[in-house]
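Here is my input; please provide its structure:
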Amino acid sequence: MPASLAYWVDAAGQGALHTVELPHPGDTDVDLQTQFSGISPGTERLVGLGLVPSSAASAMACRGMRGSFALPILYGYSLVGVVSGGALDGQRAFVMHPHQQRVIVPRATLVMLPEDVPSPRGTLLPNLETALNATWDAELRAGERIAVIGGGAVGLLVAFVLSVTHRGEVVVVEAEAARRRFAARLPWVRAAVAPEELAPGSFAVAFHATGTSRGLQLGIDALGFEGRVIELSWYGTKTVELQLGGTFHSERKRIVASQVGTVAARHREAGFGARTAAVLQLLRDPRLDTLLQTPIAFARLPEFFARLYRGEHSEPCPLVAY
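Take a look at the predicted model:
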């Protein structure tokens, strides 16, 4: 039986590389040699700390996952590799799969990457799809003033999508100084400010992506009359506490949930394929490469995740090289 190395979460806050057996390829399967995988720090930290509630297990499951959210688990959903053998030999593809050196997957699960989308940039696909879906969920009107709360991967990608699709001011709000400086250097970010610099009641829309009650409260307070928060954060087992006794009701504010597992209502009829095609078009933009820092060697992945679980990591889009 062929085998490959993969990153497993063994227990809450602990992980290691382990050998996994690979299935024998069927007629509709492909053999993919991994080049890069991407890490979603917020989600993968919650998974790695065992904070996924049983009620969310079905929604959180991803292709290629092994084990369970009760741990141990093999988890992840952004992998780019080169097809080995068959009609697609040598072509590059994205697939939703955990961090693993080699994978056998159904051909139908692959998203083939255009020639002008480098493999590292291809790992941004799932978070960019989340960001695009959120902007669709917002049903924006031209000229609306927007605050993006949170300078992590999803927040910065929301700001990127807005730079391409929206006519109106967009401000990125980030509490951590290093992340704020990083955001300010991105070519599509015109303003990156600290939370205390945000003028309450001055925005029509706030996209929230910090995963904290404080960030969501900031988004609500930033809104004016009939403003709306597009909630992108996922909290796992954490409790969310809000103060809604101020202007929330009198100014008719709304909190709108956005989740990539369903296509936004106005685009739903076109389906997932059309949304993926739109994301691939956005991925052609070379400005996105500024999000990607020096890759982490696959062999050092347990060290990286140990820091992530301790809350010591701030890079928005970690990249793993194989």
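
Name the nearest residue to residue 16, ignoring sequence neighbours.
Taking C-beta to C-beta, 6 or more residues apart in numbering as the measure, residue 16 lies nearest to residue 302, with 5.2 Å between them; neighbours along the chain are not counted. (Glycine included, C-beta is placed from N, CA and C.)

List the buried residues for the lowest-mean-pLDDT helix or strand in the chain?
Within the chain, no helix or strand scores below helix 57-60, which has a mean of 90 by mean pLDDT, DSSP states H and E. Applying a neighbour-count criterion of 16 or more other C-beta atoms under 10 Å, one finds residue 60 buried in helix 57-60.

How far does that helix sit from its chain's centre?
Centre-to-centre, helix 57-60 and its host chain are 16 Å apart (C-alpha atoms, centre = their mean, to the nearest Å).

got a list of contacts for the next helix-or-strand element following that helix?
Remark: after helix 57-60, the chain's next helix or strand is strand 66-67, criterion DSSP states H and E. By C-beta atoms under 8 Å, 6 or more residues apart in numbering, the residues outside strand 66-67 that reach it are 8-9, 20, 73-75, 98.

quick revisit: may I have the phi/psi pair for the residue nearest to residue 16?
phi -60, psi -40 (degrees, to the nearest 10).

count of residues packed around it?
Neighbours of residue 302 under the rule other C-beta atoms under 10 Å: 15.

How much space separates it from residue 97?
18 Å (C-beta to C-beta, to the nearest Å).

go on, residue 277?
21 Å.

Of those two, give the one with the bigger neighbour count.
Higher neighbour count among residue 277 and residue 97: residue 97, with 24 against 11, using other C-beta under 10 Å.

where does residue 314 land on pLDDT?
Per-residue confidence (pLDDT) for residue 314: 75.

And the helix or strand harbouring residue 105, what's buried?
Element membership for residue 105, per DSSP H and E: strand 102-106. Across strand 102-106, burial judged by 16+ other C-beta under 10 Å covers 102-105.

and that strand, how far from the chain's centre?
On C-alpha atoms, centre = their mean, the centre of strand 102-106 falls 22 Å from the chain's centre.

backbone phi and psi for residue 7, please?
phi -90, psi 120.

meant to ask about residue 122
Torsion angles, degrees, to the nearest 10, at residue 122: phi -60, psi -20.

ok, it touching residue 95?
No. In this structure, residue 122 is not within contact of residue 95 by C-beta atoms under 8 Å, at 10.2 Å.

what are the ranges of the helices in the protein?
41-48, 57-60, 119-122, 125-138, 153-165, 177-185, 213-222, 271-282, 301-309 (DSSP state H).

what's the model's confidence in the longest one, averaged?
Per-residue confidence for helix 125-138 averages out to 98 on the pLDDT scale.

now swap in the fifth one and tell me
The average pLDDT within helix 153-165 is 98.

Over to the third one?
In this model, helix 119-122 carries a mean pLDDT of 98.

now the last one
Per-residue confidence for helix 301-309 averages out to 97 on the pLDDT scale.

for that helix, packing partners?
strand 3-11, strand 14-21, helix 41-48 (3 or more C-beta pairs under 8 Å, 6 or more residues apart in numbering; DSSP states H and E).

Taking helix 41-48 as reference, get the angle to the first one.
Read it as strand 3-11. 80 degrees (axes from the mean of the first three to the mean of the last three C-alpha atoms, to 10 degrees).

same thing with the second one?
Calculated by the same axes, to 10 degrees, strand 14-21 forms an angle of 80 degrees with helix 41-48.

quick one: strand 14-21 to chain centroid distance?
Worked out by C-alpha atoms, centre = their mean, strand 14-21 lies 23 Å from the chain centre.

swap in the longest one?
Here the centre of strand 3-11 is set off from its chain's centre by 21 Å, with C-alpha atoms, centre = their mean.

Check stretch 95-106 too.
18 Å.

and for that stretch, what are the contacting residues?
With C-beta under 8 Å, 6+ apart, stretch 95-106 has contacts from 2, 4-7, 20, 22-25, 28-34, 37, 39, 62-66, 74-81, 109-111, 126, 298, 301, 320, 322.

Give me the buried subset of those.
5-7, 20, 22, 25, 29-32, 34, 37, 39, 62, 64-65, 74-81, 109-111, 126, 298, 301, 320, 322.

mind giving me the domain ranges of the protein?
Per automatic domain parsing, the structural domains of the chain span 3-124+292-321, 127-265.

would TSV of those domains with distance to residue 271 be doable?
Converted to TSV, the domains of the chain look like this (distance: least, C-beta to C-beta, whole Å):
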stretch	distance to residue 271
domain 3-124+292-321	14
domain 127-265	7
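
Show me the one of these that comes nearest residue 285.
domain 127-265 (7.5 Å; C-beta to C-beta).
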